[in-house]
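# this is the structure alone, sequence omitted:
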Ligand code: PMP
């Protein structure tokens, strides 16, 4: 190994990029070919990173195989949607049976009512639920319901929140955002959010927030912050929309269950379709029953694939047979131990880095911890996250460019120990270019 005492961060990064590029010719070639028809070779922004993303050929359990034949422990877990890991046998059987029976039936099927019942039984604030095709769509529907039932326009969102490709509020928001009347508050700022809600008062249709910022850095809401939003909504008559698309996997009843919180509407998505396209929105029966098509003045809500048999059958098998409350608790306990272990590695090495998050979803930040405010991580040197990602991947751990880690059910004790060992090696190797505590 080269002498690393005088190496700069740019040198370390260039060296990692060179080794990554040399090791992954098939992924590089796939990227080049795809660029001819997909802009930048990409159809999903989060999956792009320099110099080119790894392309995967398959997966089993907590492991993935890339186009060059390398195997990885999966620390991405489909950005939290991959709760079941890869090729979970019970989910696969349910989907295979559904496929054998035919999959464009154009009618209610035998799975959707059972999946709805399982979701209602599981999540305390969801008395009725409807399905759609993505978390984005679930949030769009929740906000649209709020506007329709309140007759108001204003929607309060959190800076650095993420609710979908056209509901993204990181770094000031996206020009592609849906054209609602958005107003902003800061996450975990109790006086700020209370003042914003009171200021909008009778014009406010909804407050939408995640109980833990996911894309915003895995920063959990404080109980006081969630209570302040609930109280503000009660005082103004606005609906509280809780986006649990990512966080519903963190406890058997979601994070709203942990907090004993009663949002008016909850958005779900990701793993609840068994790993196929999925979204759902649900909440108070009185609100959701406006969708009863037999009721006078019912809201219409279409969607060709809302009840597609793959998502319905796979989701049902997954939620009822695999992601039991006990399995959920065990997966999140492993996540807690990974987070504690990683924080200890950084602390022992005297590195200014921390890992935030809840249970099985976490984020490494190269700033001193703990982090409770998303703005605290904005100034970090992104090159450090890049180096961390590339070194993990070169060691056989599939990793995100933003430092996020999500575990799956098959990620067990052996994978946990291997991840901690790899992290300790990376920190030891690059100690000289990491920021001192
Ligand atoms: N809300 C949150 C909190 C999310 O993390 C995501 C996806 N990462 C979404 C909404 C959007 O879900 P989808 O990608 O299924 O549209």
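Great, that's in hand. On a predicted model such as this, the values are computed, not experimentally measured, just so you know.
# for the rest of this, base every contact and every neighbour count on C-alpha atoms.
Fine.
# which residue ranges of the protein form helices?
Here the chain has its helices, by DSSP state H, at 9-23, 25-34, 89-101, 112-122, 135-150, 190-200, 223-236, 254-259, 285-288, 309-317, 325-349, 382-394, 413-429.
# for the ones you listed, which one sits closest to the ligand?
Comparison of the helices of the chain against the ligand by CA to the nearest ligand atom identifies helix 135-150 as nearest, at 3.3 Å.
# number of residues surrounding residue 378?
When neighbours are defined as other CA atoms under 10 Å, residue 378 has 14 of them.
# quick check: it vs the ligand, distance?
Using CA to the nearest ligand atom, to the nearest Å, one gets 19 Å for the distance from residue 378 to the ligand.
# where's the nearest residue to residue 87 once chain neighbours are set aside relative to residue 275, distance?
Distances taken as CA to CA, 6 or more residues apart in numbering place residue 60 nearest to residue 87, at 5.6 Å, with adjacent residues excluded. Using CA to CA, to the nearest Å, residue 60 is found at 13 Å from residue 275.
# likewise for residue 308?
13 Å.
# likewise for residue 333?
Going from residue 333 to residue 275 by CA to CA gives 22 Å.
# these two: who's more crowded?
The residue with more neighbours, out of residue 333 and residue 275, is residue 275; 25 against 16, by other CA under 10 Å.
# isn't that one up against residue 311?
Yes: shown here, residue 275 and residue 311 form a contact pair, counting by CA atoms under 8 Å, at 7.3 Å.
# returning to that earlier point: which residues do residue 60 and residue 275 both contact?
Residues touching both residue 60 and residue 275 by CA atoms under 8 Å, 6 or more residues apart in numbering: none at all.
# how about the residues of the stretch 1-150 of the chain by the ligand?
Contact residues, the stretch 1-150 of the chain versus the ligand (CA under 6 Å from any ligand atom): 134-136.
# JSON lines please, covering those residues and showing pLDDT and neighbour count.
Formatted as JSON lines, these follow (pLDDT from 0 to 100; neighbours: other CA atoms under 10 Å):
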{"residue": "134", "pLDDT": "98", "neighbour count": "22"}
{"residue": "135", "pLDDT": "98", "neighbour count": "25"}
{"residue": "136", "pLDDT": "98", "neighbour count": "25"}
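# spatially nearest residue to residue 386 (excluding sequence neighbours)?
Per CA to CA, 6+ apart, closest to residue 386 is residue 401, 5.9 Å.
# residues in contact with that neighbour?
Contacts for residue 401 (CA under 8 Å, 6+ apart) come out as 49, 385-386, 389.
# check contacts around the closest residue to residue 59 other than its chain neighbours.
Distance criterion CA to CA, 6+ apart; nearest residue to residue 59, sequence neighbours excluded, is residue 86 at 5.1 Å. Applying CA under 8 Å, 6+ apart, we find residue 86 in contact with 59-64.
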